[in-house]
Each structure stands twice: as structure tokens, then as C-alpha cells.
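J.: The following comprises the amino acid sequence and a computationally predicted model.
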Amino acid sequence: MPVPTFETVEITTDILICGAGMAGCGAMFEAAYWAKKNGVKIVVADKAATDRSGAVAQGLSAINMYMNTAGGERTPEAFAQMVYGDMMGIVRQDLAYDIARHVDSSVHLFEKWGLPIWREADGKPIRSGAWQVMISGESYKILVAEASKKALFDAGGELYERVFIIEPLMDGDRIAGAIGFSTRENKIYVFRAKVVLANMGGAVHVFRPRSTGEGLGRTWYPPFQTGSSTYFTLRAGAEQCCQEIRFVPVRFKDAYGPVGAWFLLFKSTATNALDESYMQTRADDIKGWAPFDTFKPMPANLRNYLGILDEIDGKGPLLMRTNRAIAALAEKYKDDPKAFKKKMKDLESEAWEDFLDMTIGQANLWAAQNVRPEQVPSEITGAEPYFIGSHSGASGTWASGPADIAPPEYQMGYNRMTTVKGLFVAGDACGASPHKFSSGSFTEGRIAGKSMVKFALENNTLPNLDAAQVEEFKGRILKPFELYEQHKDYGTTDEVNPNYILPRQYLFRLQKLMDEYAGGWSSSFTTNKTKLDIAMQLLDWLKEDGEKMVARNLHELMRLFENQQRTWQAESHVRTILAREETRWPGYYARKDTPTMNPDLQKFINMKWSAAGGWEVVDRPMITIFK
Ligand SMILES: Cc1cc2nc3c(=O)[nH]c(=O)nc-3n(C[C@H](O)[C@H](O)[C@H](O)COP(=O)(O)OP(=O)(O)OC[C@H]3O[C@@H](n4cnc5c(N)ncnc54)[C@H](O)[C@@H]3O)c2cc1C
């Protein structure tokens with residue numbers, strides 16, 4: 001196969017939105033409204049197909065952030081207080097509050113667009129937790145994408161699907177656009193824009209997953225988010241925040257089925273192999289994390305920690321007592337056999353529907369293993385760590401807050417703009433504002449979208465593109481093909497070659513080193529300075545070998561760049577854990593050389609990178625707004 005030739009497509013726009021997941025859809029929907037009024041052009045690029053892209057691709061069974069403030073249910077202040085507790089005191093309440101005060105209108109739009117929200121007879125949404133409402137959401141992303149695309153096209157905008165964004169383009173310290181390539185055709189896309197939104201999700205497959213050869217690719221987080229947001233914003237020079245706050249979800253083992261509905265809706269309990277409730281027997285083990293140990297609800301990482309301790313003690317597996325939960329719910333019908341049978345049937349179908357709506361693999365696993373949840377418990381365990389800024393994790397980019405709420409330390413001019421002029425973030429990409437989930441990410445996209453139109457109007461000049469920079473990136477797209485052609489006939493197979501490394505081999509090396517040295521599941525999420533230093537050394541060598549990564553087709557080229565982006569995500573994580581000399585989130589990772597929480601470190605440890613200066617740690621104050 002000769003080295004492919006690529007056509008270059010150049011696109012000029014006012015606003016460029018990179019990533020059309022929930023936040024990207026919110027941004028295009030809102031920006032389209034303001035753009036249409038002001039003659040502003042919007043272009044959207046996504047590596048996948050918008051209808052089923054991002055973490056909501058497979059559907060969801062609950063919207064995890066809905067206030068119903070008008071209905072008197074929840075307040076934005078209470079939400080900001082809740083996230084403060086869940087993040088053990090490291091959070092941007094201005095960002096959280098800003099989303100909370102606007103999120104209801106987004107949820108009402110979803111319902112208007114056809115999303116069924118479960119309601120009580122009196123019309124109140126059925127809640128599966130304090131902030132969650134149940135939905136029939138298999139087609140959630142399609143509905144949201146359809147309405148957002150319509151708004152975009154009505155405003156004269158353009159959508160480029162299957163375009164993988166690899167790098168930001170810069171004009172000095174201002175963002176000037178982005179470069180990417182088509183994952184289906186030999187085309188390189190050069191986007192020139194006045195303002196750019198990076199919301200390309202979080203990252204998965206940085207750490208070795210529990211399922212390797214036999215189930216490669218199976219993870220809780222959908223496999224297609226690879227650290228693009230962190231990479232893109234870092235390379236543009238933007239400050240990162242909370243890059244140490246990974247997320248370790250406790251889920252049904254092996255197929256990662258959600259536990260939320262079981263704990264919150266079915267009121268199930270989980271116990272260890274000895275049938276002890278680790279939440280009670282271990283209560284004293286988290287006293288060192290006061291005042292967060294008594295915080296209601298208990299921070300997710302502390303809940304994890306108690307179960308992890310039992311597993312370390314050999315008391316695993318942890319078991320979700322689904323059978324007891326269903327029996328307890330059916331109990332009050334026990335004297336009426338007909339009603340009892342019907343209730344059991346309803347509960348059984350709700351249990352399966354929860355998985356069929358969002359994690360079909362779990363339903364497959366239960367079916368394959370003859371699991372009847374009404375008869376037997378199922379194993380749960382902590383997954384490998386992920387980077388996701390919208391869940392009970394907060395890694396992402398440091399962004400400006402709303403002018404009316406954010407203290408001056410948290411303002412950089414435009415709401416959701418990063419420390420780089422013209423570069424905005426939302427959703428998983430925006431750090432320190434967790435628990436926004438699908439509805440909050442869409443809402444944050446709307447906030448950023450409106451703000452970006454303002455920026456485009458007030459900074460109405462097109463930045464210059466640096467031709468040399470564009471050529472360098474084009475060269476990086478071609479090089480993996482050239483290297484492969486040059487060396488492919490060295491041996492009897494092109495899979496093993498001393499002159500190059502395949503993306504798959506590179507990925508395994510990255511995952512192994514992160515798992516073993518940066519606190520993955522195989523080391524029970526523990527690490528220390530010596531291990532982290534080794535991780536840094538191994539990352540350096542990996543990057544060196546990464547210069548010799550090859551691609552045999554466009555798909556492998558995408559895998560190659562995904563790995564490169566994951567590596568930067570990994571490095572910013574390791575560097576930030578090294579800088580944070582304490583253990584603040586023991587259920588996400590424990591630094592065993594600094595095993596307790598240090599009140600002096602109740603601050604943000606931000607990280608940034610520049611070609612000239614390398615990596616730099618920047619301290620930012622943690623300011624509590626809602627006590
Ligand atoms: C397993 C799981 C379960 C969840 N369950 C719930 C739930 O029950 N309820 C709830 O409300 N929320 C839930 N969430 C949260 C919700 O899915 C996220 O908050 C939301 O999707 C984040 O939006 P986003 O736009 O930041 O990222 P995403 O929606 O993931 O979108 C990212 C987009 O970026 C694109 N992209 C990535 N890299 C590139 C690149 N290099 N170039 C171009 N495009 C790129 C992707 O294709 C995708 O379209 C869950 C999340 C996960 C991972």
C-alpha cells in the first residue's frame with residue numbers, strides 16, 4: 001500500500017465547536033439562537049456521528065441533574081453545597097451554581113423534544129435520588145442531537161462528522177482554530193476560527209481496564225473518549241484543574257451495569273462475602289476525613305473506600321443484594337398472590353430495563369450467566385480510573401465563572417473561557433464543576449455557546465493561521481504511514497518490528513504503567529512518590545517510542561492520535577498527584593506516603609504546559625461561596 005495522499009479542506013468560521021456530545025449539542029443549540037440574530041457563523045466538528053456520539057450514545061435511564069426549582073424541590077445553593085461535600089472541599093461552586101440555576105430549562109426542552117420523563121400521578125417527576133429523575137432514555141442522544149442540529153442548520157451552520165481533531169492552531173496567545181482529519185476519507189481539515197469550544201469529553205483506557213484480552217475495550221466509560229479535551233487545551237497553553245480527581249465508579253462487575261437505580265430506587269444494600277455491611281462496620285475508617293465523613297450524602301469516594309478496604313482484607317467480593325431488595329419491595333403484596341406476582345414482574349422488568357436503556361452488556365452478562373436478580377445477588381467492584389469532569393470526578397480545564405457569582409480570582413473575562421484568549425470549555429472538559437451529568441453538560445454548553453457569540457462579536461477579527469504550524473501537523477498525519485511503508489517488510493510479520501510500534505502495543509504499555517505505578521485497580525488504587533517517579537520515567541520512554549508509532553489505515557491513525565492524547569492526560573494526572581502531597585479522596589487513589597488529608601492543601605493545584613517552559617504547577621485558591 002503506498003503512502004496515502006491527503007486533500008486539505010480549509011474552513012473559515014466565527015465559532016468552531018469541537019465535539020458534539022451533550023455539551024457540544026447544548027453549545028450549538030444556544031449559540032445558533034444568538035448567532036442567527038447577529039450573523040455569526042458556527043461550524044461543528046465531531047469524530048463520530050452526532051446522533052450516537054459521546055457518553056450518552058447508548059442511552060441513559062436517568063437524568064442525574066434536575067432541580068425543579070419552580071416546583072419547590074431543589075435549589076441551586078443546595079446543589080453547590082452538595083458538590084462541595086462530594087469533592088472533599090475542592091470545587092468551583094460558582095460554576096456548579098451557574099449550571100444549577102439554568103438546568104431545569106434544558107430538561108424541559110428535552111421533554112418537549114420527546115424524551116419520556118417518568119412522572120407520579122400528580123405530575124411530579126419520579127426521582128431515583130435527590131437530584132436524579134427517571135427517564136425512558138434509550139434514544140436520549142438522538143433526540144437531543146436532532147433538535148440541536150436543526151437549530152444549527154437553521155442558523156446557517158455547518159456540521160463535519162467523522163473528523164478527528166488532533167491539535168489547536170494558535171495565533172500567539174490567542175486560539176486560531178484546529179486541525180483534524182477525516183476518519184473515513186483521505187482529507188485533512190484546517191479550521192480557522194475567532195473562537196473555539198473544546199468539549200471532546202473525558203478519557204478512558206488510560207489505566208489498564210479490568211477486562212483485558214478476553215474483553216478488550218470493555219469499560220464503564222464508553223471507549224471513544226481519549227483525553228482529547230485535556231490534550232487540546234494543554235497544547236493551547238490553557239491551565240488545567242483537578243487533574244488529580246479521577247473517577248472510580250463502583251459498578252456491577254465485568255459489564256459495568258449502573259448501581260444508581262439499585263441503591264436509590266430499589267433501596268438495595270451491598271455487603272461483603274461475610275454478609276457484613278461495610279458501610280457500617282467500616283464507619284470508623286473514614287473519621288480521618290472529617291468533616292466529609294459525616295457529609296450527607298456520603299462522598300462517592302469515601303463510599304468506595306470502605307468497600308475497597310474490605311476487598312483488600314480478603315472479604316470480597318462485594319455483593320449487591322438485588323434479591324433482598326426486590327423481596328422487600330414486593331413484601332407488602334405478599335397476602336395477595338395475584339398482586340404479588342404482578343409486582344414481582346414489574347420490578348423484574350424495571351431491573352432489566354435499567355440496563356437495556358444504558359448498559360446492554362450488563363443485561364447480556366446476566367442472561368449469559370443465568371442471573372435472576374430476584375433470586376441471587378450480583379458482584380460489584382471499583383472500576384479502573386477514568387477522567388470525567390461531569391460526574392463524581394472533576395478533572396478538566398480551568399475556566400472563567402459567571403460575572404455575578406464568581407469571585408475575581410475565578411474570572412477571566414467571558415463565562416467558561418479558559419486562560420487562553422478565545423478558547424472555551426464545557427461538559428467533561430470544564431474542570432472543578434462535577435455532578436453536571438448529561439443535563440448539566442448540555443446546559444454548560446449553552447452557557448458557553450452564548451458567551452462565545454459575545455466573544456466573537458467583541459473580538460471581530462480573524463486570527464492569523466501560522467502556515468508552518470499547519471504544515472508541521474500535516475506532516476505528523478503522514479509520518480505514521482511513511483514509517484510503516486519504510487519498515488513493513490523487515491520481518492515475516494508486520495505486527496512485530498524493531499523499527500516501529502503499533503498503536504495497540506503502545507496502548508498496552510501506557511495502561512500497564514499507569515495501573516502499576518499510578519494507582520490502578522491492580523494496586524488497589526494506591527501509589528506513592530517513588531512509584532509516581534517511576535511512572536514519569538516510563539511515560540518519558542513511552543513518548544520517545546511513540547515517535548515511532550505507525551498506522552496502516554485511517555482507523556489506526558485515529559488510534560495513534562488517541563494514544564498520544566491519552567498520554568498527555570496521563571502525564572498531567574501523574575504530575576498533579578505528585579504535587580498534591582496528601583490523600584484527599586482515598587476511594588479514588590491513596591498516596592500511601594502521604595496517607596492523610598492536609599487542610600493546608602484545600603486549594604486547587606493547577607497544571608499548565610508551554611513549548612518554551614514545559615510543565616508548570618499553579619496554585620489557585622479554593623473559595624467557598626455557599627457554606
Ligand atoms: C458510563 C456513563 C454513565 C452515565 N450515566 C449518566 C446518567 O445516568 N445520567 C446522566 O444524566 N448522566 C450520565 N452520565 C454523564 C453524561 O453522559 C456526561 O455528563 C455527558 O455526556 C458529558 O457531555 P460532554 O459533551 O462533555 O461529553 P460527551 O457527551 O461524551 O461528548 C464528547 C464528544 O466529543 C467527541 N470527540 C471526542 N474526541 C474527539 C476528537 N478528538 N475530535 C472530535 N470529536 C471528538 C465525541 O465523539 C463526543 O461526541 C454518564 C456518563 C458515563 C460515562
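T.: Noted; the coordinates are in hand.

J.: Tell me how many other residues surround the closest residue to residue 534 other than its chain neighbours.
T.: In space, and not counting its chain neighbours, residue 534 is closest to residue 517: 5.1 Å by CB to CB, 6 or more residues apart in numbering. All C-beta atoms are positioned from the backbone trio N, CA, C, and that covers glycine. If you count neighbours by other CB atoms under 10 Å, residue 517 ends up with 22.

J.: What count of nearby residues applies to residue 595?
T.: Residues lying near residue 595 (other CB under 10 Å) number 13.

J.: Quickly note the distance from it to residue 612.
T.: 37 Å (CB to CB, to the nearest Å).

J.: of all of this protein, which residue lies closest to the ligand?
T.: In the chain, the residue found nearest to the ligand is residue 21; the distance is 1.6 Å by CB to the nearest ligand atom.

J.: In contact with the closest residue to residue 183 other than its chain neighbours: list those residues for me.
T.: Nearest non-adjacent residue to residue 183, counting by CB to CB, 6+ apart: residue 162, 4.8 Å away. Residue 162 makes contacts with 46, 47, 48, 49, 182, 183, 184, as judged by CB atoms under 8 Å, 6 or more residues apart in numbering.

J.: Separate out the buried members of these.
T.: Buried subset of the contacts of residue 162 (neighbour count, 16 or more other CB atoms under 10 Å): 46, 47, 48, 182, 183.

J.: will you turn the residues you listed into TSV that also has secondary structure and distance to residue 105?
T.: Formatted as TSV, the buried ones among the contacts of residue 162 follow (DSSP: H, G, I helix; E, B strand; the rest coil; distance: CB to CB, whole Å):
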residue	secondary structure	distance to residue 105
46	coil	24
47	coil	29
48	coil	27
182	strand	36
183	coil	35
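
J.: Near the ligand, list only the ones from those residues.
T.: Among the buried ones among the contacts of residue 162, the residues lying close to the ligand (CB under 6 Å from any ligand atom) are 46, 47, 48.

J.: Dump those residues to a markdown table, plus distance to residue 13.
T.: Output for these, formatted as a markdown table (distance: CB to CB, whole Å):
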| residue | distance to residue 13 |
| --- | --- |
| 46 | 15 |
| 47 | 18 |
| 48 | 20 |
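
J.: Out of those, the closest to residue 414 would be?
T.: Within those, the smallest distance to residue 414 is 23.3 Å, found for residue 46 (CB to CB).

J.: how near is the closest one to residue 164?
T.: 9 Å.

J.: Would you report the backbone torsion angles of the residue nearest to residue 183?
T.: phi 60, psi 30 (degrees, to the nearest 10).

J.: distance of it from residue 562?
T.: Taking CB to CB, one finds residue 162 at 14 Å from residue 562.

J.: related to what we said a few turns ago, next, find the distance separating the residue nearest to residue 183 from residue 125.
T.: Relative to residue 125, and taking CB to CB, residue 162 is found at 36 Å.

J.: Over to residue 85?
T.: The value you get for residue 85 to residue 125, if CB to CB is used, is 24 Å.

J.: Are we agreed that residue 380 is in a strand?
T.: Yes - under DSSP: H, G, I helix; E, B strand; the rest coil, residue 380 sits within a strand.

J.: which parts of the stretch 201-350 of the chain sit against the ligand?
T.: Residues of the stretch 201-350 of the chain lying near the ligand (CB under 6 Å from any ligand atom): 201, 220, 221, 224, 225, 228.

J.: In contact with the residue nearest to the fifth one when sequence neighbours are not counted, which residues are there?
T.: It refers to residue 225. In space, and not counting its chain neighbours, residue 225 is closest to residue 201: 3.6 Å by CB to CB, 6+ apart. Residue 201 makes contact with 19, 21, 54, 55, 224, 225, 228, 229, 388, 427, 428, 429, according to CB under 8 Å, 6+ apart.
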